[in-house]
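Participant: could you work out the structure for the sequence below:
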Amino acid sequence: QVQLQESGPGLVKPSQTLSLTCTVSGGSITTNYYYWSWIRQPPGKGLEWMGAIAYSGSTYYSPSLKSRTSISRDTSKNQFTLQLSSVTPEDTAVYYCARGERGYGLGSHDYWGQGTQVTVSS
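Facilitator: Got it, this is the predicted structure:
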């Protein structure tokens, strides 16, 4: 059974960089052909896919967030990390990490973390 767990600060100040880590157990992040995504849900809005890192290490980003987003991984720890720079209150959301099977469209994700609330406020 694959499990994902997000970790990171719940409060970030405007203009700072948000950093979250997803720890995966029950499966390797290098296994073909899985994609490991970050997805968020602002209050009162729908899910927004932010980006993904593939089993190969290739990265993919939402065009609307690409200039501020970086996703990396530590294969020795079976973790992948999100960094979102220059945050504003509009980045306040529940952030999820999830596994996509053979893709990273929202519908391709079969395992999800429980989500972590991140609030951007001074």
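Participant: flag the shaky bits of this protein, pLDDT-wise.
Facilitator: Low-confidence segments of the chain (pLDDT under 70): none present.
Participant: strands of that one, start to end?
Facilitator: Using DSSP state E, the strands of the chain run over 3-7, 11-12, 18-25, 34-41, 48-54, 59-61, 69-74, 79-84, 93-101, 109-112, 116-120.
Participant: and those as TSV, adding mean neighbour count?
Facilitator: C-beta: built from backbone N, CA, C; applies to glycine. As requested, the strands of the chain are exported to TSV (neighbours: other CB atoms under 10 Å):
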stretch	mean neighbour count
strand 3-7	17
strand 11-12	16
strand 18-25	19
strand 34-41	24
strand 48-54	21
strand 59-61	17
strand 69-74	17
strand 79-84	20
strand 93-101	22
strand 109-112	17
strand 116-120	17
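Participant: now do the contacts for residue 69.
Facilitator: Counting by CB atoms under 8 Å, 6 or more residues apart in numbering, residue 69 touches 50, 51, 61, 62, 82, 83, 84, 85.
Participant: the third one and residue 82, how far apart?
Facilitator: Between residue 61 and residue 82 the distance, using CB to CB, to the nearest Å, works out to 11 Å.
Participant: how long is stretch 40-51 from one end to the other?
Facilitator: One end of stretch 40-51 sits 10 Å from the other (CA to CA, to the nearest Å).
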